[in-house]
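Enquirer: One predicted model, sequence on top.
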Amino acid sequence: MTEQESNLSETLSRIKAEYQSRYGMDMDEWSAVMMADNQKAFDEIRHWLARHFEEARKLRATFKGSIKQVTFASDKQAFLYSLGRLIPPSVCALVLGICCYVYMSTYKDYQELERLVDAYANMPLYEQIVVDGQLTKEKGVTYLVLSPAKAGKHRIGKTYEYDSRNKVVKVPLKRQQ
């Protein structure tokens, strides 16, 4: 017999004897084998539970030292404490959000103006007409009102010159400096 067979035989004999002494009945060989397997499984479970209980105990000890409990005399005190804890980050988030909104809206407006200036390269020349020009509306149509210019007295946004030879109206946009 090998040592393992000897240990198995001894374990089975011990189980049978314990059963005999406890219940006063004989146990067959297969029942003893099943009891031995069950005991081994339960021993593994007990070992696993003991190991996890020890880990849980260590974790409880760790948390117990790191958690600071705060108690208050009234609900008002608790509310004011929470406001003191939450208002600074909330205000920071709000200010940051407003700054982002202002930046993005200004950036979008700037992009729109830049697109307009790029699309209409002559736009700066029309600035004086836009500033000084007089508009009138008749029958749903808007007109720019200009008067004929006297010789050499051009007023940007106010006067025009008629070229009868080419049959066109010339509107002064900018004076040469």
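Expert: Great, that's in hand. Numbering: from 1, shown residues only.
Enquirer: Domain boundaries for the chain, per the record?
Expert: 3-66, 71-119, 132-170 (automatic domain parsing).
Enquirer: what's the closest of those to residue 125?
Expert: domain 132-170 (9.8 Å; C-beta to C-beta). C-beta coordinates here come from the backbone N, C-alpha and C atoms, glycine included.
Enquirer: Let's have the domains of the chain in CSV, adding mean neighbour count, mean pLDDT and distance to residue 125.
Expert: Formatted as CSV, the domains of the chain follow (neighbours: other C-beta atoms under 10 Å; pLDDT from 0 to 100; distance: least, C-beta to C-beta, whole Å):
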stretch, mean neighbour count, mean pLDDT, distance to residue 125
domain 3-66, 11, 85, 72
domain 71-119, 10, 89, 12
domain 132-170, 11, 75, 10
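Enquirer: what's the closest of those domains to residue 126?
Expert: Closest among those, using C-beta to C-beta: domain 132-170, at 9.0 Å.
Enquirer: which SS class is residue 162?
Expert: Look at residue 162: counting by DSSP: H, G, I helix; E, B strand; the rest coil, its state is strand.
Enquirer: I figured it hits residue 149, correct?
Expert: No - Residue 162 is beyond contact range of residue 149, at 9.0 Å (criterion: C-beta atoms under 8 Å).
Enquirer: for the protein, what spans make up the helices?
Expert: 3-23, 29-66, 75-119, 127-132 (DSSP state H).
Enquirer: what angle separates the second one from helix 3-23?
Expert: In this case it means helix 29-66. Interaxial angle of helix 29-66 relative to helix 3-23 (axes from the mean of the first three to the mean of the last three C-alpha atoms, to 10 degrees): 90 degrees.
Enquirer: helices or strands up against helix 29-66?
Expert: Applying 3 or more C-beta pairs under 8 Å, 6 or more residues apart in numbering; DSSP states H and E, one finds that helix 29-66 contacts helix 3-23.
Enquirer: From the chain's centroid, how far away is the helix it packs on?
Expert: 66 Å (C-alpha atoms, centre = their mean, to the nearest Å).
Enquirer: now what about it, what contacts it?
Expert: Residues outside helix 3-23 that contact it (C-beta atoms under 8 Å, 6 or more residues apart in numbering) are 1, 25-27, 29, 32-33, 35-36, 39.
Enquirer: Mind doing that once more with 7 Å?
Expert: 26-27, 32-33, 35-36 (C-beta atoms under 7 Å, 6 or more residues apart in numbering).
Enquirer: now do stretch 24-32
Expert: By C-beta under 7 Å, 6+ apart, the list of residues contacting stretch 24-32 reads 12, 15-16, 19-20.
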